[in-house]
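> Please work out how this folds:
(2 chains)
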Amino acid sequence: MKIFLVHAFITLVAIATLSAADPIKVASFSTITTEIANKVGGDRVMVVGLVKAGIDPHEYEPKPDDLKQVEQAQLILATGKHMENYTGRLKESAAPTSVLLQVGDAFPSLTMKEEGETKTVLDPHWWHSISNMKKATRVVQDALTKISPADKDAFAKNADAYVAELDKLETWVKSKIAELPRDKRKLVTSHDAFQYFARDYGFTIYPVEGVSTSDELSSKKVAELVQTIKDQHVKAVFFENIENPKVLKEITAETGAKIGGELYADGLGEGETATYDGMMHHNVTTIVEALK
Amino acid sequence: MRGSPLFRAVFTIIVLLLAAIPIWKLTHQAEASMDSGPSTPAAEAPVHIVLTFAHAPAGFQVLHLGKVIWEARQPGETAQKDLPMEFPKEGIDLEIKAEWLPGTPVTAVRVAVTHNYGTTEQTAWGKESLDTVLTFTDPQ
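Have a look, this model is predicted:
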């Protein structure tokens, strides 16, 4: 009996110790990876999202306070595919044992020409493909499991639940987009962020800018785009939540196309678009209803 | 014809007016029908769809552009129909929804679409229910 009690006591202490273990500290440089880390890690992680909704990730530069968070983090999440041009500084600031994970680098990239078409770059906006989101979920699950193998089952259960949510979202997206004839799937946006989305759902993209929001517009490119919109009978053009829609308004005045609405291209927004599910519902509904 | 010239002139005008009413109605209808144009786009043509189920479903629906264009209850293992629709060179999406009785194992439906460009086939899998979008493009 005594031996049984001792064993029971030791087991209880062990369980209590595991439960009381500090959560894994995660620093995230994308609103998308912040959501994935929270969904997969659950109460076993403490995620600090350093790039917040509405901040342009193409232009973002880490502040000294951000680097302090990086110092303390066990896992640092970045978009990858060259979205963050400051990963060298993150590596220098991070503790030797911490892991810097550029999530998008774990799966294939689409490439594109920059403004002026002299250089090919990777398109970093991989999250507009739901299948990429599922892959990213597994990548984050693996990274968290390596850091805390004791939580393997919890991370697997959370990841499975999130992937099931993504499956349900994907069914809705496919059904909604099927309302739009394939010959009307022409997307004019204020920067070229929807290539993965276009690949998955049969759209052709006509961007006003190249891949980065810092690309400057040439009058020649605007003239070409105006002609394309007229030739292709594009019904609507879209602007983005962190862009100046002035140029698009000028283009619509010349072409007769209407402003289709605001799209979330570079990450999550606020309110109904503060979640990935909400952002996709907003973007897909806006696109389909405007182009019908 | 006898009578005053004034009476004859008034009579002629009345006869002409009475004849003008049906002529105006007839020509007006013809113009209206010409204005409305054909009710279907010029490129619209019958598309032959064949559904072949590995297990007979309890029911199915086929949707095109968000609208149910074909549905059936207890259709057996094969169903086919001609449906008029536009088939652009970019292709068409068909949403296929199906339900099977509880206990039916993982099963499949093959969808064959024949149109001016030829025949294309897609297969979708489901377990007791299915809701998927299949794309059919020019096979050439």
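
> Quick check: pLDDT value at residue 15.
No chain in the question, so chain A it is. A:Ile15 carries a pLDDT value of 47.

> oops, chain B please
68.

> ok, now B:Met34?
36.

> Can you get me the centre-to-centre distance for whichever strand or helix holds A:Leu248 and its chain?
Assigned by DSSP states H and E, A:Leu248 falls within helix A:246-255. Mean-position distance between helix A:246-255 and its chain equals 28 Å (C-alpha atoms, centre = their mean, to the nearest Å).

> Would you mark the buried spots in it?
By neighbour count on 16 or more other C-beta atoms under 10 Å in any protein chain shown, the buried set for helix A:246-255 is A:247-248, A:251-252, A:255. No exception for glycine: its C-beta is placed from N, CA and C like everyone else's.

> Repeat that for stretch A:221-229.
Quick answer for stretch A:221-229 (16+ other C-beta under 10 Å): A:221, A:225-226, A:229.

> which parts of chain B sit against chain A?
B:63-66, B:86, B:88-95, B:131-133, B:135 (C-beta under 8 Å from any C-beta of the partner chain).

> Filter those residues down to the buried ones, PyMOL style.
Buried residues among those (16+ other C-beta under 10 Å), as a PyMOL selection:
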select buried, chain B and resi 63+64+65+86+90+91+92+93+94+95+131+132+133+135
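
> Tell me which of the residues of chain B next to chain A fall in strands.
Among the residues of chain B next to chain A, the residues falling in strands (DSSP state E) are B:63-64, B:86, B:92-95, B:131-133, B:135.

> Confidence-wise, which of the buried residues of stretch A:221-229 comes last?
Minimum confidence in the buried residues of stretch A:221-229 sits at A:Lys221, scoring 76.

> The host helix or strand of it - contacts with which helices or strands?
Element membership for A:Lys221 (DSSP H and E) is helix A:219-231. When contacts are defined as 3 or more C-beta pairs under 8 Å, 6 or more residues apart in numbering or on different chains; DSSP states H and E, helix A:219-231 sits against strand A:204-207, helix A:246-255.

> For chain B, find the nearest of these.
strand A:204-207 (9.0 Å; C-beta to the nearest C-beta).

> how near is the residue nearest the centre of chain B to chain A?
Closest to where the C-alpha atoms of chain B average out (C-alpha atoms, centre = their mean) is B:Pro84, at 4.1 Å. According to C-beta to the nearest C-beta, to the nearest Å, B:Pro84 and chain A sit 15 Å apart.

> where does that residue land in three-state SS?
Secondary structure assignment for B:Pro84 (DSSP: H, G, I helix; E, B strand; the rest coil): strand.

> Do I have it right that it meets B:Ile49?
No. Applying C-beta atoms under 8 Å, one finds B:Pro84 not in contact with B:Ile49, separated by 11.5 Å.

> returning to that earlier point: got the helices and strands packed on helix A:219-231 as CSV, with distance to A:Pro124 columns?
Below are the helices and strands packed on helix A:219-231 laid out as CSV (distance: least, C-beta to C-beta, whole Å):
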stretch, distance to A:Pro124
strand A:204-207, 14
helix A:246-255, 22
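
> Which one of those has the poorest average confidence?
Among the helices and strands packed on helix A:219-231, helix A:246-255 carries the lowest mean pLDDT, a mean of 83.

> Tell me the helix or strand right after it.
Helix A:246-255 is succeeded, C-terminally, by strand A:258-263 (DSSP H and E).

> in the helix or strand just after that next one, what's buried?
Moving toward the C-terminus from strand A:258-263, the next helix or strand (DSSP H and E) is helix A:276-291. Neighbour-count burial for helix A:276-291, with 16+ other C-beta under 10 Å as criterion, is recorded at A:276-284, A:286-288, A:290-291.

> Report the buried residues of the helix or strand hosting A:Asp200.
Using DSSP H and E, A:Asp200 maps to helix A:195-201. For helix A:195-201, burial by neighbour count (16+ other C-beta under 10 Å) applies to A:195-198, A:200-201.

> Report the distance from it to the chain centre.
The answer for helix A:195-201 is 14 Å, by C-alpha atoms, centre = their mean.

> list the helices and strands that helix packs on?
Contact here means 3+ C-beta pairs under 8 Å, 6+ apart; on that basis helix A:195-201 packs against helix A:130-147, helix A:152-177, strand A:204-207.

> That helix - what's its average pLDDT?
Mean predicted lDDT for helix A:195-201 stands at 96.

> And the contacts of it?
With contact meaning C-beta atoms under 8 Å, 6 or more residues apart in numbering or on different chains, helix A:195-201 is reached by A:110, A:112, A:123, A:125-132, A:173-174, A:177, A:185, A:187, A:203-205, A:283.

> If we ignore the residues flanking it in sequence, what's nearest B:Thr52?
Using C-beta to C-beta, 6 or more residues apart in numbering or on different chains and skipping residues adjacent in sequence, the residue nearest B:Thr52 is B:Arg110, 4.5 Å away.
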